[in-house]
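K.L.:
got a predicted structure plus its sequence, pasted below:
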Amino acid sequence: MDPAPGNKNLITDIPGIQVGHAEDNTIGTGVTVITGDNPFSTAVDVRGGGPGTRETDMLSLENSIGRADAIVLSGGSAFGLDACSEVQDLLRQDNKGYKVGKAIVPLVPGAVIFDLNINDKPYVNTIGEYSPWRILANKAYKSANTDFILGSFGAGCGATTATLKGGQGSSSWSQTFSNGEKYTVGAIVINNAVGNPLLNEGPHFLSAHLEFDNEFGGYGASNDLYDNILRAKRLPQSIGKTEISNDISSNTVIGVVATDAPLTRTNLKRLAIMAHDGIARSLSPAHTPMDGDTIFSITTSHDIKKQVLDNVDILALGSRASDCIARACNRAIYEAEAVGNSKPGWKNFFQSK
């Protein structure tokens, strides 16, 4: 079928991409690693007001090096950036990285979510202990392959949203473009948003119209969608009340959108920008002062001779990237289950009624 999701409906439908993840339900956090046999040409776009990131300046178009040997998505807030250092060490052991003379410098951009309110995280305040995020990053890197689990896994372990448990989601899409070539776009996200993923109180997702083959429950769009949108109370009533501000002070959606299409760094940047629309379509509100919304964009193509696509193809790729991000955000919610003292999962809440 053309166009349609890839065989796995995961970001790993793009050849050359592997994903590994590890999680600790006891402390309610985890790490997800996106890597491959070869480095990725990479760009990034940050839209949230409270990001936690590493090596994003390296990916700016005005700077010289726009590549990554791996990308790390982690829980743990700023503590979770330790996961990038662990993956960097492992890549160096595997002789992967940017070669400068005799030195090998693995380049590992990353982004983190705030999940420190899920369960007890004793390691955070224990001086001298080995970071749990390094331990989890080690496991995640070593488990990387083309199959991985959605929901409360990897960096999605401790993720939550305004209304339901968040998690790890992914999706893909393939189609033939104007140059006659078939390209695949895929996304992986950690949905830990301040906003609400549902239309009013649910069970319908805000971007339910994008669903393919019952990938997030088969509810589709509401039968009264127009009326519901007109009267939508998309924001939980609690948002805006001072007494609960601490509960929504540090959330975010982080992720990677990928393709096998040959893209220049400028076009990769455009892909990341357009992909953010998927967050805005699937969560309300998005890109808030308390979110750290960050999307990396990568291509596995190294065919420089083909790195000129028509604007119509960039438009189509960006549109599909946005769709994939939205679908991945919804799949993260749909597949998530409660962890410790977290909010209930979508299935726990709606399928029990």
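P.N.:
Everything's here; your move. Predicted model, so just to flag it, every value in this text is computed and none were measured. Numbers count the residues shown, from 1 in each chain.
K.L.:
which SS class is Val185?
P.N.:
Assigned by DSSP: H, G, I helix; E, B strand; the rest coil, the conformation of Val185 is strand.
K.L.:
which SSE is immediately downstream of the lengthiest strand in the chain?
P.N.:
Longest strand in the chain by number of residues, with DSSP state E as the criterion: strand 29-46. As assigned by DSSP states H and E, the chain's next helix or strand after strand 29-46 is strand 53-54.
K.L.:
quick check: mean pLDDT across that following strand?
P.N.:
Here strand 53-54 scores 95 as its mean pLDDT.
K.L.:
thinking again about what came up before, in its sheet, what does the longest strand of the chain sit against?
P.N.:
strand 18-24 (antiparallel), strand 67-74 (antiparallel), strand 294-299 (antiparallel) (DSSP bridges).
K.L.:
for that strand, output the C-alpha coordinates as CSV.
P.N.:
C-alpha atoms of strand 29-46 as CSV (Å, rounded to 0.1, in the frame of the first residue of the first chain):
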residue,chain,number,x,y,z
THR,A,29,12.6,6.9,35.2
GLY,A,30,14.3,5.6,32.1
VAL,A,31,16.5,6.2,29.0
THR,A,32,16.0,5.8,25.3
VAL,A,33,18.9,5.8,22.8
ILE,A,34,18.6,6.3,19.0
THR,A,35,21.6,5.1,17.2
GLY,A,36,22.8,3.2,14.1
ASP,A,37,25.8,1.8,12.2
ASN,A,38,26.6,5.3,10.8
PRO,A,39,26.4,8.8,12.1
PHE,A,40,23.3,10.9,11.3
SER,A,41,23.1,14.2,9.6
THR,A,42,21.2,16.1,12.3
ALA,A,43,19.3,19.3,13.1
VAL,A,44,17.2,20.4,16.1
ASP,A,45,14.4,22.8,16.9
VAL,A,46,13.5,23.9,20.5
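K.L.:
now that strand: buried residues?
P.N.:
Buried residues in strand 29-46, defined by neighbour count with 16 or more other CB atoms under 10 Å: 29-36, 39-46. C-beta: built from backbone N, CA, C; applies to glycine.
K.L.:
where does the chain dip in pLDDT?
P.N.:
The chain contains residues with pLDDT under 70 at 1-2, 120-129, 222-250, 304-308, 352-353.
K.L.:
all helices for it, in order.
P.N.:
In the chain, the segments counted as helices under DSSP state H are 82-93, 132-142, 225-230, 265-282, 311-335, 346-350.
K.L.:
which of the buried residues of strand 29-46 sit farthest apart?
P.N.:
Greatest spatial distance among the buried residues of strand 29-46 (CB to CB): Thr29 and Ser41, at 30.0 Å.
K.L.:
other residues contacting stretch 82-97?
P.N.:
The contact list for stretch 82-97 (CB atoms under 8 Å, 6 or more residues apart in numbering) reads 31, 33, 35, 39, 54-55, 69-70, 72, 74, 76, 104-110, 131, 133-138, 140-142.
K.L.:
same check, this time on stretch 141-148
P.N.:
Contacts for stretch 141-148 (CB under 8 Å, 6+ apart): 8, 10, 12, 17-22, 33, 35, 70, 86-87, 90, 154, 168, 170.
K.L.:
cutoff 10 Å now
P.N.:
Residues from elsewhere that reach stretch 141-148 (CB atoms under 10 Å, 6 or more residues apart in numbering): 7-8, 10-15, 17-22, 31-36, 70, 72, 83, 86-87, 89-91, 94, 140, 154, 168, 170, 188.
K.L.:
which residues sit in contact with the closest residue to Asp323 other than its chain neighbours?
P.N.:
Excluding the flanking residues, the one nearest Asp323 by CB to CB, 6 or more residues apart in numbering is Leu210, at 5.5 Å. Going by CB under 10 Å, 6+ apart, Leu210 touches Ser171, Phe216, Ala221, Gly278, Arg281, Ser282, Ser322, Asp323, Cys324, Ala326, Arg327, Asn330.
K.L.:
how about 8 Å then?
P.N.:
Leu210 touches Arg281, Asp323, Ala326, Arg327, Asn330, counting by CB under 8 Å, 6+ apart.
K.L.:
same thing with Leu309?
P.N.:
The neighbourhood of Leu309, defined by CB under 8 Å, 6+ apart, consists of Phe177, Asn179, Ala261, Pro262, Leu263, Asn267, Leu317.
K.L.:
which members of those residues define the maximum pairwise distance?
P.N.:
Asn179 and Asn267 (13.7 Å).
K.L.:
more neighbours, these two?
P.N.:
A direct count of neighbours by other CB atoms under 10 Å for Asn179 and Asn267 places Asn267 higher, at 24 against 14.
K.L.:
pretty sure that one contacts Leu315?
P.N.:
No - applying CB atoms under 8 Å as the test, Asn267 and Leu315 come out as separate, 10.7 Å apart.
K.L.:
Lys261 and Leu309, how far apart?
P.N.:
Lys isn't right for residue 261; it's Ala. 7 Å (CB to CB, to the nearest Å).
K.L.:
and if you look at Thr12?
P.N.:
Taking CB to CB, one finds Thr12 at 23 Å from Leu309.
K.L.:
ok, now Asp37?
P.N.:
Taking CB to CB, one finds Asp37 at 24 Å from Leu309.
K.L.:
pull the contacting residues for the closest residue in space to Gln175 that isn't next to it in sequence.
P.N.:
Nearest-residue entry for Gln175: Pro3, 3.1 Å, with adjacent residues in sequence omitted and distances by CB to CB, 6+ apart. Pro3 sits next to Trp173, Ser174, Gln175, Thr176 when contact means CB under 8 Å, 6+ apart.
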